[in-house]
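In: Mind folding the following:
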Amino acid sequence: MNPARPSSPPPGAPPPDERPVVLSVRDLGVRYGDHVALRSVSFDIHQGEIFGIIGPANSGKTSLLRAINRMDEFVDGMSVSGTVELFGRDVRRVRNVYALRRRIGVVFPLPVGLPLTVYDNVAMAPRLAGVRDKATLDETVERCLRRAALWDEVKDRLDTLGSLLSGGQQQRLTIARALSQDPDILLLDEFSIAVDPVTTMRIEDVLRQLRDEMTIVLVTNLVQQARRLADRTAFLLMGECVEVVDTEQLFTGDVADERTRHYVEGRFG
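Out: You can find the predicted model right below:
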């Protein structure tokens, strides 16, 4: 059976690479002291696209996400060169980095549960943005938990600590928390690394639905997950972006570099 392909765009909608550019990466380089993690990486990501990023460990995938969201400011010795533009604006020229991060949500490989209730985990970002009305917060919490396919499981225990949920539920809670910021783009860094296959499939269903509302960047070590979800996929190897192709081309062998084919075929990595 062929794996599920990304949901089709509405009739008449242009393909992803003909839609407006949301994120533009140009000559991006990342270093940790003397170690080069990324070198001269360039690509565009388009509105409403699920953009996959694959590659073996230490290929620079997580460093790329850190540079997009300016998380390098939390990492000693990490330096970034080149440009990352969100809707044409260089993210490094944005003065209010907190406002920038509200537009670029992140879901990490392991659930990062805050020491707060389920409700407060999701309500935190709206509160920080100035929302105080209880009815508005209630609506936001329910909407985001529903979008993360978690509402039915936690609606009767919103006052429970988020850290007491199962691992899969905590991962979906982190997605709900990211969605509460109403981001333009959602970055997911190997979200399924610590959850079971059933939960992975549930989250993948969530992402297929979200692609109609936002742009998604999906870092994964699972090439079949990229095949199921991504419109286009970038292959990173030893800090280099080897190529960016329509995802199905990875599996038909229609690629420009034999290293890409060898990785997808499991010859290394």
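
In: which residues in this structure form helices?
Out: For the chain, helices defined by DSSP state H occupy the ranges 61-68, 97-103, 118-128, 134-147, 151-154, 167-179, 197-210, 223-229, 247-252, 258-264.

In: for the second one, which positions count as buried?
Out: Across helix 97-103, burial judged by 16 or more other C-beta atoms under 10 Å covers 100-103. C-beta here means a position set from N, CA and C on the backbone, and glycine is covered the same way.

In: mind saving the C-alpha coords of it as PDB?
Out: Taking Å, rounded to 0.1, in the frame of the first residue of the first chain, the C-alpha atoms of helix 97-103 are listed here in PDB:
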ATOM      1  CA  VAL A  97      12.600  38.700  19.600                       C
ATOM      2  CA  TYR A  98       9.600  37.600  21.700                       C
ATOM      3  CA  ALA A  99       7.200  38.900  19.100                       C
ATOM      4  CA  LEU A 100       9.200  37.000  16.500                       C
ATOM      5  CA  ARG A 101       9.000  33.800  18.400                       C
ATOM      6  CA  ARG A 102       5.200  34.200  18.700                       C
ATOM      7  CA  ARG A 103       5.100  34.000  14.900                       C
END
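
In: Identify all contacting residues around that helix.
Out: 69-70, 73, 86, 91, 94, 125, 128-129, 181-185 (C-beta atoms under 8 Å, 6 or more residues apart in numbering).

In: now do the fourth one
Out: Residues external to helix 134-147 that are found in contact with it (C-beta under 8 Å, 6+ apart): 118-119, 122-123, 126-127, 131, 151, 154-155, 158, 173, 175-177, 179-180, 206, 209-210.

In: Next one: Ala148 from Arg172, what distance?
Out: From Ala148 across to Arg172, the span is 5 Å (C-beta to C-beta, to the nearest Å).

In: Need the residues touching each of those two.
Out: Common contact partners of Ala148 and Arg172 (C-beta under 8 Å, 6+ apart): Val206.

In: how close does Leu86 sit to Ala57?
Out: 28 Å.

In: The two - which one has more neighbours?
Out: Leu86 (20 against 8; other C-beta atoms under 10 Å).

In: beta partners of that one?
Out: Using DSSP bridges, the beta-bridge partners of Leu86 come out as Leu23, Arg89.

In: Correct me if wrong: it contacts Pro183.
Out: No - between Leu86 and Pro183 there is no contact under C-beta atoms under 8 Å: 10.5 Å.

In: Which residues are in contact with each of these two?
Out: With contacts defined as C-beta under 8 Å, 6+ apart, the residues adjacent to both Leu86 and Pro183 are 103-104.

In: Show the pLDDT at the closest residue to Ser42 other than its chain neighbours.
Out: Distances taken as C-beta to C-beta, 6 or more residues apart in numbering place Arg26 nearest to Ser42, at 5.1 Å, with adjacent residues excluded. On pLDDT, Arg26 comes in at 97.

In: likewise Ile193?
Out: Reported pLDDT for Ile193: 83.

In: Apart from its neighbours in sequence, what residue is nearest it?
Out: Leaving out its chain neighbours, the residue that sits closest to Ile193 by C-beta to C-beta, 6+ apart is Pro109, at 4.6 Å.

In: tell me the contacts of that neighbour?
Out: Shown in contact with Pro109 (C-beta under 8 Å, 6+ apart): 189-191, 193-194.

In: Buried subset of those residues as a ChimeraX selection?
Out: To isolate the buried members of these in ChimeraX, using 16+ other C-beta under 10 Å:
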select :189,190,191
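
In: my read: Arg172 touches Leu150, true?
Out: Yes - between Arg172 and Leu150 a contact is recorded at 4.4 Å, counting by C-beta under 8 Å.

In: which one of those two has more residues nearby?
Out: Shown here are Arg172 and Leu150; by other C-beta under 10 Å, Arg172 has more neighbours (28 against 24).

In: Understood, closing this out.
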